[in-house]
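Visitor: Here's my sequence, what's the structure:
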Amino acid sequence: MLKNAIEKIDLNKYRHAKYMLFIPLYMAIFWLEEKYIRSGYFVSYMQMDSYIHFNEWFVIPYVLWYPLMIGAGVYLFLKDAPGFKNYMIYIGVGFLLIVIFYAIFPNGQNLRPRSFQHPNILTDIVGLLYKRDTNTNVLPSLHVVGTMGAMFALMKTRALQKWWIQTLNVVLAISICISTVFIKQHSILDILTGVPIGFIYYFAVYKWLPQIKERLNRRKTVLIGH
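Guide: Numbering: from 1, shown residues only. This is a model prediction of the structure:
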């Protein structure tokens, strides 16, 4: 029965799955950096960070990053192959470039509180995040760049072009980006560098690459015509 089900799968329909191969490469490099970059790093900090007080409530939008990233990927994979391809290029290649930057320019932040004044379930979650994720490899913020990647991908999906869906999309993205500084996972500097990179990736994936591809196709057509 399982064999028959596998044989019925149209592999051509899911050829865009190959673009996921960027992800393991990025994750492997990031894992090594998290393990070995522990000291001697550039400290990401701005004076404004001192005026932002820790607020555990922001861990809620912060952890929504994970279902957003995965959910967007699964939806696009099943419903929008071109959109999935662009999303994977944005995330895969984009994250890979950032982790390479981390290796060249090790960085981290020293903003995490040593203890929580009012321990509760939310601070427990923050504590777990602190243990799972080191305070290094923060500039620019992968959390911010990834959020923008998911937001742009969902914005480009025709089936989701409803005002309330896109409003929720943008509000969620902004909330996630802001949350990074309130739970002291990132400095404001990490956001200020992550946002422009996110826009550069957007133009590269959704504007510049299609234009380059179109020009190459035109040249190919002209050459064939001659």
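Visitor: Going by C-alpha atoms from here, please, whenever you check contacts or count neighbours.
Guide: Fine.
Visitor: Which residue is the nearest non-sequential neighbour of residue 186?
Guide: residue 180 (5.4 Å; C-alpha to C-alpha, 6 or more residues apart in numbering).
Visitor: Could you give the number of residues near the closest residue to residue 130 other than its chain neighbours?
Guide: Nearest in space to residue 130, with sequence neighbours left out and distances taken as C-alpha to C-alpha, 6+ apart, is residue 185 at 8.0 Å. When counting by other C-alpha atoms under 10 Å, one arrives at 26 neighbours for residue 185.
Visitor: what do you get for residue 152?
Guide: Here the number of neighbours of residue 152 (other C-alpha under 10 Å) works out to 23.
Visitor: pLDDT averaged over the helix or strand hosting it, what's the number?
Guide: When secondary structure is defined using DSSP states H and E, the element that contains residue 152 is helix 142-155. Taken as a whole, helix 142-155 has a mean pLDDT of 98.
Visitor: in whichever helix or strand comes after it, what counts as buried?
Guide: Under the assignment DSSP H and E, the closest C-terminal helix or strand after helix 142-155 is helix 163-182. Using 16 or more other C-alpha atoms under 10 Å as the test for burial, helix 163-182 gives 166, 169-170, 172-182.
Visitor: what does stretch 94-113 give?
Guide: Judged by neighbour count using 16+ other C-alpha under 10 Å, the buried positions of stretch 94-113 are 94, 95, 96, 98, 99, 102, 106, 107, 108, 109, 111, 112.
Visitor: Likewise for stretch 116-134?
Guide: Within stretch 116-134, the residues that qualify as buried by neighbour count (16+ other C-alpha under 10 Å) are 122, 123, 126, 134.
Visitor: Keeping just the C-alphas, turn that stretch into CSV.
Guide: Included here for stretch 116-134 are C-alpha records, laid out as CSV according to Å, rounded to 0.1, in the frame of the first residue of the first chain:
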residue,chain,number,x,y,z
PHE,A,116,14.7,37.6,36.3
GLN,A,117,13.1,39.9,38.9
HIS,A,118,9.7,38.3,38.5
PRO,A,119,10.1,34.6,37.5
ASN,A,120,7.1,33.1,35.7
ILE,A,121,6.4,30.8,32.8
LEU,A,122,7.4,33.4,30.2
THR,A,123,10.8,34.0,31.9
ASP,A,124,11.2,30.2,32.0
ILE,A,125,10.8,30.2,28.2
VAL,A,126,13.3,33.0,27.8
GLY,A,127,15.7,31.0,30.0
LEU,A,128,15.4,28.0,27.8
LEU,A,129,16.0,30.2,24.7
TYR,A,130,19.2,31.6,26.4
LYS,A,131,20.4,28.0,27.0
ARG,A,132,19.6,26.8,23.4
ASP,A,133,20.9,29.9,21.6
THR,A,134,24.2,31.6,22.6
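Visitor: Could I get the average pLDDT for it?
Guide: Rounded mean pLDDT across stretch 116-134 is 95.
Visitor: For the one residue sitting closest to the centre of the chain, give me its contacts.
Guide: The centroid of the chain falls nearest to residue 146 when counting by C-alpha atoms, centre = their mean (1.4 Å). Taking C-alpha atoms under 8 Å, 6 or more residues apart in numbering, we find residue 146 in contact with 69, 91, 95, 198.
Visitor: hey, where'd the strands end up in this protein?
Guide: Remark: strands assigned in the chain by DSSP state E are 42-43, 107-108.
Visitor: what would the ones you listed look like in CSV with mean pLDDT?
Guide: As requested, the strands of the chain are exported to CSV (pLDDT from 0 to 100):
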stretch, mean pLDDT
strand 42-43, 97
strand 107-108, 97
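Visitor: Any chance of TSV for those, columns distance to residue 194?
Guide: Written out in TSV, the entries for the strands of the chain read as follows (distance: least, C-alpha to C-alpha, whole Å):
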stretch	distance to residue 194
strand 42-43	16
strand 107-108	14
